[in-house]
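> Pasted the sequence and its predicted model underneath.
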Amino acid sequence: MSKIEWNPRKQKHIEFLRCKINTLHNEIFHLALDVIRGELPREELETKMTLYKKYSRRLKILEL
């Protein structure tokens, strides 16, 4: 059995990160379409992308 099964707090954190990553992925997709159309500045999209990368790295570390 993995260590995740024995640590419910860690499991909850992993589930939270997965949910947050999925939400950011959807937001990035829709923001990218708006940036391409010229409706929004690029900075907001870049901020969401850095958060996506940050949370993805944390999730990979926790799943080890």
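That came in fine, so what should we check first? What you are looking at is a predicted structure, and each value in this text was computed from that prediction instead of being measured.
> Put the alpha carbons of stretch 11-24 into CSV.
The C-alpha trace of stretch 11-24 is given here as CSV (Å, rounded to 0.1, in the frame of the first residue of the first chain):
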residue,chain,number,x,y,z
GLN,A,11,-4.8,12.6,0.4
LYS,A,12,-7.1,15.6,0.9
HIS,A,13,-4.3,18.0,-0.1
ILE,A,14,-3.7,15.9,-3.3
GLU,A,15,-7.4,16.0,-4.1
PHE,A,16,-7.5,19.8,-3.6
LEU,A,17,-4.5,20.3,-5.9
ARG,A,18,-6.1,18.1,-8.6
CYS,A,19,-9.3,20.1,-8.4
LYS,A,20,-7.4,23.4,-8.5
ILE,A,21,-5.3,22.2,-11.5
ASN,A,22,-8.4,21.2,-13.4
THR,A,23,-10.1,24.6,-12.7
LEU,A,24,-7.0,26.5,-13.8
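> what residues are up against the residue nearest the centre of the chain?
Ranked by distance to the mean C-alpha position of the chain (CA atoms, centre = their mean), the top residue is I21 at 2.3 Å. Going by CB atoms under 8 Å, 6 or more residues apart in numbering, I21 touches Y52, Y55, S56, L59. C-betas here are computed from N, CA, C, even on glycine.
> Just the element for it, please.
helix 8-37 (DSSP states H and E).
> Let me see the mean pLDDT of that helix.
In this model, helix 8-37 has an average pLDDT of 93.
> Pull out the buried residues from it.
I14, L17, K20, I21, L24, I28, L31, V35 (16 or more other CB atoms under 10 Å).
> Now do the following helix or strand past it: everything it contacts.
Using DSSP H and E, the helix or strand that follows helix 8-37 in sequence is helix 42-63. Residues from elsewhere that reach helix 42-63 (CB under 8 Å, 6+ apart): 4, 10, 13-14, 17-18, 20-21, 24-25, 27-28, 31-32, 35.
> hmm, back to that, dump the contacts of I21 into JSON lines; add distance to R42 and neighbour count as well.
JSON lines is the format used below for the contacts of I21 (distance: CB to CB, whole Å; neighbours: other CB atoms under 10 Å):
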{"residue": "Y52", "distance to R42": "15", "neighbour count": "17"}
{"residue": "Y55", "distance to R42": "21", "neighbour count": "17"}
{"residue": "S56", "distance to R42": "21", "neighbour count": "15"}
{"residue": "L59", "distance to R42": "26", "neighbour count": "16"}
